[in-house]
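Asks: predicted model follows, preceded by the sequence.
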Amino acid sequence: MKEALLALIAIPLFGALLTVFTARHCRNRARTIALTATIMTLAISVWLVAVDFCGWGGQPGSYAGETRFLILGTGGPVDPLRGISFHIGLDGISLGMIFLTGFLFPAALFLTGKASPLNDWGFLAWFQALQGLTFGAFLSLDLVLFYLFFELTLIPLYFMVGGWGGGLRIEAATKLFLYGLTGSLFTLGGIVGVSLALGGMDKGCDFSIPRLVLVAQDRGKPMEASMERVAKAKSEMEKTMSDREKDAARARFDEAEHDLFQKRKVEAQWFNWQTTLFLMLMAGLAVKIPIIPVHFWQPLAYREAPIALTVVLSAALAKLGLFGVVRIVLPLLPDASVRLATPVLGTLATIGILYGGLAALGTSNLRSMLAFSSISHLGFCLLGLVSLNETGLTGGVLQMINHGITTGGLWLLALILLERFPSLEIHTFSGMGKRFKAMGVVAVLLVLSSVGLPGLNNFVGEALSLLGMFAQGGEGRQLAVLATLGLILGAWYMLNFLLRTFYGDERIPATVQGRIPTDLTGCEKMVFTSILALCFLLGLYPQPALKRISADTHLVARELGEARRRQMGNPIPENIGSMVLTHGSPKSGTNQPSAPQTQKGGAR
Amino acid sequence: MDMDLTLSSSSPSDFLASVAPGFPEFFLLALGSLVFLGGTFRQDRPLWGWISFFGLVTALALALRPIFHSPMEGNAYHGPLVYDGLSQTLRLLTFLCGAGLVLMGWEEGDSTHIAERNGLILFATAGASLCVAANDLATLFLSLELVSIPTYLILFLTRGDKFGRESTLKYFLLSIFSSAMMLFGFSYLYGITGSLQIPEILAILSQSSLNPVPEAVPTARLVGLVMVVAGLGFKVTAVPFHFYAPDVYQGTSHFGASVLSTLPKIAGFAALARLTGLTFETNGGVFLPFESQSSYLFWILASVTMTLGNVIALWQTNLRRLFAYSGIAHAGYMLVALSVGKEVGATGALAALVVYLWAYVAMTLGVFAIFIYLDKKGKHVEKVEHLNGLAKTDPVAGGIMVVLLMSLIGLPLTAGFIGKLALVQCALRRGLESAITEAHPNSELRLFFGLSIMILVNAAIAGWYYLRMIGALYLRKGKDTHPSNRPVAALVTGFVCVVVTVAVGILPGLVTRGIGEVPWHGIKSKAGMANPMDKSPMEKPPGH
Amino acid sequence: MMEVIDFPPGLTHYLSLGALLFVLGLVGFLSRRNMILMFLNAELMIQGVALNFVAFARHRGNLEGQGFVLFLLAVAACEAAIALALILVLYRTQHSLDVSVWQNLREEGLDPTLDEEPLPLGPLEEKSPVLTPAGIGPQQPEETSHV
């Protein structure tokens, strides 16, 4: 297990080096190396999924295949950076992301034709490096390590977009890099702040996510204890009869209240600080997702990037931001999340859903349409995550996988269209379904999956996300209603696209090299069949996946529930919506995490 | 009272023992003199190049495996030189930097003064290296001058046209001016404390901040602090004192700019760190030689310096001018460490300063080495556009350049990232610590939180102009030039700088080793002294 | 009416004089245009510092300050040597001691400061006698005979 995780990061990076040093200016060899490396990662990630579902992996709620050793700052006792470690591990949340990364990178390479300009050794080397870094970010359990991989992905992206992109490639690359850099620098500040605030300052600092999560969970305990003490003293005061006893009880009550007051003061300070850190951490993640006010780099980058890169940019890399939310922001800053996630992030996500839908409706280019639809769909993922209950979180994570598969599939479709035709302007195509039967079937099914037809994968994720939001009540409900409008918009532009390109009179533009355009080839059929199979699998029988995800999201949701209860001052029923998860509810069976130390604290 | 603690009472053999660890520097000075003398007989590039290079390598080896150990016990810290963790690491940096400069200048400039130039590099390197170890004001002043005077001459020798002359003039006059300011501050520090020993000065000052003191002392102390910071601010290009840098860098050659951006800055920052007590072991006691004044002073300097440097760098087209502003901005980041100061636990701020100084020197030296390499190859680089398409025409130089630029931006796995991380961490830590202990008002949290945000915003702004260079290197097309020759030495320097950058980026512990271990045991007894201001000269020991 | 100064003058008097010298030098440095005068003003600042050191050394009753002054004077002499050499070279190129003729380097798009009352240019000197240069002379192309 350990070796498998390390190999996931090492193989692509090694492949990149191999490409640079042995396959310079040799297209075929470079392609062979890149395909071999990425397909090896595919095999490993499939194996990891299989192992996990057969129950041979780690316990649910803990990290499988953890590896940990110090990397940075092994110097003396005064090293300011003591404690940064190479700490990786796999859990239910990252498993799906690993699978997506392992699947889409080889698929994009596989479908890129031999003659494509993207089969350049430079591009292939950067592409493999990007895959290794993405794996690293999804696997890392150390704040700085996550940041390191997260930020390093900018370098391959910059060079790939700038070197092999379309006409506005330099602008697109610069924009992408600067947006990413600015955002992630704030995230860096947030990471340092979190580690200082939670990890303590006297003995170096602690960047380990599992350990910091434990601290964050315990952070509210003293406050709760003194609240209980006040309540007890109060009831005692009311019970006691004699004057002397009454005085003593009053004194106890005053003392308890004073104690609570002090704790409240500390808590208020911590809470303010959490709010700041929340905003800082979200800055970088928001740029990567992207959510609405910082999305300006995205349409340009998606349109100008080489198409194989756009596939993984949209389907795998956008998930880095969302993954950061569920892995870092929510568990480490529960109080601020409870207060800010729904009103701020939820609202932005909803605006994103509607904005993306409307903008996609207005575009005439397939790539722009898919770019905007990505904003819209990622809004659903985020909406699920910020509903902060188990249903929503599970739905959000599942939707991240679904979006990767479906939108990834659509981008791959765009890729093979671009292999055949020079441009992706929607109006140049018409009635393609007649000649390209297989392509038509694939397109119809992918579009149906994307609009959320029941029985296909996106339905499950979107439904759970919205349900989670509904269950949250209050403004969550209003946001969920608004977001539902986004579904209708999605159906509108997607079906519109389908209608215009695959139905109607046959009008097929000239091919790139004047060749006769062909239907799907064998390889393409293989890739798309597996994508569609995944769509159906996750649409018809999502329970195993949900069970695996909720084993981990349950812990996050519980922590957030406690934080919310603290804030409300009175307990609220936890997980109203969790009855949806009939199968694999973590409340039944061994998954019940009675003591968090034995669960997520495996790293201790 | 412990009378052994004054310099004048130590015997000549004690004195020799305390300066003996400075052997590598004295070796360099002797070698420099020899090179000067020899230069009158022979002007031979390889000869003087190899002699200087091997001299520096020998000094490096001697510093790594010292023959004479600094006798740290007892009163040894009263010697003129102190070899603690800070001086060890910065001394290595200085020698490496000197060796890099010799290599970079291998094919650079005209041959008529090659011996003099190499000798001057040896002098300046020895000066900077003595400066990081200087333990009293006299040594500090002399070693700073030992950096400055060779620098004037290098500036003069390296570019002979009117631009070179003008930049020499500007640097020379302002440098003397700044020295005078610094000396004025020194005279007040000496006057308040009656000592030239830096640890003693700091100990007495921090004492006087606790006891009732004559009214004049706080004012005199403030004058001393401000003047010293102003004087050293010139050396490190802190903002109100930065204005010579862009002109001088632009007017001199790449080589002159690389000397100017490294050695004086190492010396200046080391001196500032020593004088503000960053290296001072307090054994847990309250230690505020300048109360919070130095902290706030550096806060203002740091924020203004980094912001102004980065913002003005945005619209520079001349490469050396751009790197002058970039150097100003980096100096601003390093001033953060001085602002955070000693109040942060252990020696976090000092370690951050050291890591960043290593990062800065490696990055800047490497960039200038590549400029020199390109210049000598016949591709004249003055403006950013001249770098266009370099990655295609010269992948090795382009690769070196891009790693260095990534480090300047602050991307992970490079020293620039680790340095910024450490600085942000200590700034936030200072803010949070004050918020948690409530020893200071809440405004301190805002102040230092603001400072760390300022570092991040500035790093983002800096990304803009560095990225423009990366874009020029990799994404734009340039004219193919036919290389006339291959100046390997400069390329090797660039490569070594990349290695250092990445090594420090992955293992910052390599250069911060030993910084916490400040073996000054005698300090307690010193701190027990009465306030010297109300002590009449009569009470002085009979040793005078 | 003059007040009687107590004799011998105390620390304050020396310090005041030192500060006065320093400030005079500072103001002079910032306001003068003549390179030699600028340099001399900087020297004046250093002399003020030296006075401070000596005064403090006497007040403290130790010799460290006096020792510092010796170093100070030595370094000042070195700098004077360099200054004179540099100023001589600069004078030879521009025939003026005015610093405001050196304005080639400035921020892009910024006009040079116009000098309303330029210092008079020095006489175009006839070739002054040159000492035999020490050491190796610059490489001369070898004369070839065409006879």
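Replies: The structure has been received and is ready for your questions.

Asks: and the residue of chain C nearest chain A?
Replies: C:Glu108 (22.5 Å; C-beta to the nearest C-beta). For the C-beta atoms, the positions are set from N, CA and C on the backbone; glycine is no exception.

Asks: phi, psi for that residue please.
Replies: Dihedral pair for C:Glu108: phi -60, psi 140, per degrees, to the nearest 10.

Asks: ok now do it, which residues does it touch?
Replies: Going by C-beta atoms under 8 Å, 6 or more residues apart in numbering or on different chains, C:Glu108 touches B:315-318.

Asks: okay, now the nearest residue to A:Gly89 once chain neighbours are set aside: neighbour count?
Replies: Using C-beta to C-beta, 6 or more residues apart in numbering or on different chains and skipping residues adjacent in sequence, the residue nearest A:Gly89 is A:Tyr63, 3.0 Å away. Residues near A:Tyr63, counting by other C-beta atoms under 10 Å in any protein chain shown, number 26.

Asks: and for A:Phe159?
Replies: A:Phe159: 23 neighbours (other C-beta under 10 Å).

Asks: make TSV from the contacts of C:Glu108 and add distance to chain C to it.
Replies: Below are those laid out as TSV (distance: C-beta to the nearest C-beta, whole Å):
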residue	distance to chain C
B:Trp315	8
B:Gln316	8
B:Thr317	7
B:Asn318	8
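
Asks: if you rank those residues by neighbours, which is first?
Replies: B:Gln316 (21 neighbours).

Asks: for that residue, what is the enclosing helix or strand?
Replies: If you go by DSSP states H and E, B:Gln316 is not part of any helix or strand.

Asks: what values do phi and psi take at it?
Replies: According to degrees, to the nearest 10, B:Gln316 has phi -90, psi 140.

Asks: that one touches B:Trp464, doesn't it?
Replies: No - B:Gln316 is beyond contact range of B:Trp464, at 11.7 Å (criterion: C-beta atoms under 8 Å).

Asks: ok, A:Trp297 - contacts?
Replies: Neighbours of A:Trp297 in contact, by C-beta under 8 Å, 6+ apart: A:172, A:175-176, A:179-180, A:287, A:290.

Asks: how much space separates the residue nearest to A:Gly89 from C:Gly109?
Replies: Using C-beta to C-beta, to the nearest Å, A:Tyr63 is found at 58 Å from C:Gly109.

Asks: one more: A:Asp206?
Replies: For A:Asp206, the distance to C:Gly109 - C-beta to C-beta - is 51 Å.

Asks: which parts of chain C are helices?
Replies: C:11-31, C:35-60, C:64-94 (DSSP state H).

Asks: just those helices: most buried one?
Replies: Sort the helices of chain C by mean neighbour count, taking mean count of other C-beta atoms under 10 Å in any protein chain shown, and helix C:35-60 sits at the top with a mean of 22.

Asks: next, the angle from it to helix C:11-31.
Replies: 160 degrees (axes from the mean of the first three to the mean of the last three C-alpha atoms, to 10 degrees).

Asks: can you give me the pLDDT of A:Asp79?
Replies: According to the prediction, A:Asp79 has pLDDT 52.

Asks: and if you look at B:Gly505?
Replies: 87.

Asks: surely it is in contact with B:Gly410?
Replies: No - using C-beta under 8 Å, B:Gly505 makes no contact with B:Gly410, being 10.1 Å away.

Asks: list the contacts of the residue of the stretch 151-300 of chain A found nearest chain C.
Replies: Nearest residue of the stretch 151-300 of chain A to chain C, counting by C-beta to the nearest C-beta: A:Thr174, 22.5 Å away. Contacts for A:Thr174 were tallied using C-beta under 8 Å, 6+ apart; they are A:162, B:467, B:471.

Asks: in which helix or strand would I find it?
Replies: Using DSSP H and E, A:Thr174 falls in helix A:169-199.

Asks: so for that helix, mean pLDDT?
Replies: pLDDT averaged over helix A:169-199 gives 91.

Asks: how far off helix A:169-199 does the following helix or strand past it point, in degrees?
Replies: Using DSSP H and E, the helix or strand that follows helix A:169-199 in sequence is helix A:209-218. Counting by the same axes, to 10 degrees, helix A:209-218 lies at 50 degrees to helix A:169-199.

Asks: helices or strands up against helix A:209-218?
Replies: Packing contacts for helix A:209-218, counted by 3 or more C-beta pairs under 8 Å, 6 or more residues apart in numbering or on different chains; DSSP states H and E, involve helix A:143-152, helix A:169-199, helix A:330-332, helix A:543-568.

Asks: and the residue of the stretch 501-604 of chain A closest to chain B?
Replies: Per C-beta to the nearest C-beta, the residue of the stretch 501-604 of chain A with the smallest distance to chain B is A:Arg566, at 20.3 Å.

Asks: with adjacent residues omitted, what lies nearest to that residue?
Replies: A:Gly220 (5.0 Å).

Asks: kindly report the same for B:Ser179.
Replies: B:Gly231 (6.4 Å).

Asks: which helix or strand contains the one you found?
Replies: B:Gly231 belongs to helix B:216-236, assigned by DSSP H and E.

Asks: which SSE is immediately downstream of that helix?
Replies: helix B:244-251.

Asks: tell me how far the helix or strand just after that following helix lies from the chain's centre.
Replies: Going down the chain from helix B:244-251, the next helix or strand is helix B:254-275, by DSSP H and E. Centre-to-centre, helix B:254-275 and its host chain are 4 Å apart (C-alpha atoms, centre = their mean, to the nearest Å).

Asks: helix B:254-275 vs helix B:216-236, what angle?
Replies: Using the same axes, to 10 degrees, helix B:254-275 lies at 160 degrees relative to helix B:216-236.

Asks: near chain A at all, helix B:254-275?
Replies: No - for a cut-off given as C-beta under 8 Å from any C-beta of the partner chain, helix B:254-275 has no contacts with chain A; the smallest distance is 13.9 Å.

Asks: quick check: mean pLDDT of that helix?
Replies: 93.

Asks: and that helix, what other elements does it pack with?
Replies: Secondary elements touching helix B:254-275 (3+ C-beta pairs under 8 Å, 6+ apart): helix B:85-104, helix B:114-133, helix B:137-158, helix B:162-193, helix B:216-236, helix B:244-251, helix B:319-340, helix B:348-376.

Asks: try it again at 7 Å.
Replies: Under the contact criterion of 3 or more C-beta pairs under 7 Å, 6 or more residues apart in numbering or on different chains; DSSP states H and E, helix B:254-275 touches helix B:85-104, helix B:114-133, helix B:137-158, helix B:216-236, helix B:244-251, helix B:319-340, helix B:348-376.

Asks: picking up where we left off before, could you report the pLDDT at the residue nearest to A:Arg566?
Replies: Model confidence at A:Gly220 (pLDDT) stands at 72.

Asks: residues near it, how many?
Replies: A count of nearby residues for A:Gly220, using other C-beta under 10 Å, gives 21.

Asks: isn't it up against A:Glu562?
Replies: Yes - with contact defined as C-beta atoms under 7 Å, A:Gly220 reaches A:Glu562; the gap is 6.4 Å.

Asks: host element of the closest residue to chain B within the stretch 251-400 of chain A?
Replies: Distances between the stretch 251-400 of chain A and chain B by C-beta to the nearest C-beta are smallest at A:Gln269, namely 6.5 Å. Using DSSP H and E, A:Gln269 falls within helix A:243-288.
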